[in-house]
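S.K.: I would like the atomic coordinates for the input below:
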Amino acid sequence: MFGLTPLGTLHTAISLVAVVAGFVALARDKEISTRSSAGSLFFWGTVLTCLTGFGIFQHGGFGKPHVLGIVTLIVLAFALAGERTGIFARASRYVATLGFSLAFFLHFIPATVETLTRLPAGAPYLSNPDDPKAQPIIGFFFLVFLIGAALQVVRLWRAPAAVAVPLPKEAV
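M.R.: Just a heads-up that it's a prediction; the model follows:
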């Protein structure tokens, strides 16, 4: 279907679940966080999307989509570290929130290219993955990301800092 291999179909299905979970998390919580079920589903769905993507060589060997998968995994690692460890000190909340949002945006690059090189059926909008007509569409998604990121930064800046609550001595 649409020139997808079985792995490509699985990869696409997982990525769609991750994107829907990301939208749910953003709509409900105004951020993506692994502390919510939707955010956790987004995180693990995105990890699986990247991992399954490494086995897809539709356009030749190792290429730009694989590099994007590696970059996405690095972004997710930084975001998770910011959320779970506080390694970035006071910036940890920002690193986590903006990292998960950046990972969400990164889904839209291959989604745009892969969808528009296949659709409309019989006369795809893009002639190939490097077709310059994809740039304004991806640019639009990037602009939406920047606006969303700015709104999230303002929301975080206005919110009181999370206070670490020590564990009871019995739990240590």
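S.K.: use CA for all of it now, contacts and neighbours both
M.R.: Noted.
S.K.: Tell me where this structure has helices.
M.R.: According to DSSP state H, the chain carries its helices in the segments 6-29, 37-53, 64-84, 92-116, 134-158.
S.K.: With adjacent residues omitted, what lies nearest to residue 51?
M.R.: Counting by Cα to Cα, 6 or more residues apart in numbering, residue 51 lies nearest to residue 69, which is 7.6 Å off, once chain neighbours are set aside.
S.K.: and the one you found, how many neighbours does it have?
M.R.: 23 (other Cα atoms under 10 Å).
S.K.: That one and residue 49, how far apart?
M.R.: To residue 49, residue 69 is 8 Å away according to Cα to Cα, to the nearest Å.
S.K.: count of neighbours near residue 73?
M.R.: Neighbours around residue 73, by other Cα under 10 Å: 20.
S.K.: What sits closest to it if chain neighbours are left out?
M.R.: residue 47 (6.6 Å).
S.K.: thinking again about what came up before, isn't the residue nearest to residue 51 right up against residue 50?
M.R.: Yes - if you go by Cα atoms under 8 Å, residue 69 and residue 50 touch, sitting 4.9 Å apart.
S.K.: List the residues that contact the residue nearest to residue 51.
M.R.: 50-51, 53-54 (Cα atoms under 8 Å, 6 or more residues apart in numbering).
S.K.: go on, residue 3?
M.R.: By Cα under 8 Å, 6+ apart, residue 3 lies in contact with residue 118.
S.K.: how much space is there between it and residue 114?
M.R.: From residue 3 to residue 114 the distance is 10 Å (Cα to Cα).
S.K.: re the thing from before, distance to residue 128 and mean pLDDT added to the helices of the chain, as JSON lines?
M.R.: Shown next, in JSON lines, are the helices of the chain (distance: least, Cα to Cα, whole Å; pLDDT from 0 to 100):
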{"stretch": "helix 6-29", "distance to residue 128": "17", "mean pLDDT": "97"}
{"stretch": "helix 37-53", "distance to residue 128": "18", "mean pLDDT": "98"}
{"stretch": "helix 64-84", "distance to residue 128": "13", "mean pLDDT": "97"}
{"stretch": "helix 92-116", "distance to residue 128": "8", "mean pLDDT": "97"}
{"stretch": "helix 134-158", "distance to residue 128": "10", "mean pLDDT": "97"}
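S.K.: so can I have TSV of the ones you listed showing distance to residue 126?
M.R.: Below are the helices of the chain laid out as TSV (distance: least, Cα to Cα, whole Å):
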stretch	distance to residue 126
helix 6-29	19
helix 37-53	20
helix 64-84	16
helix 92-116	5
helix 134-158	7
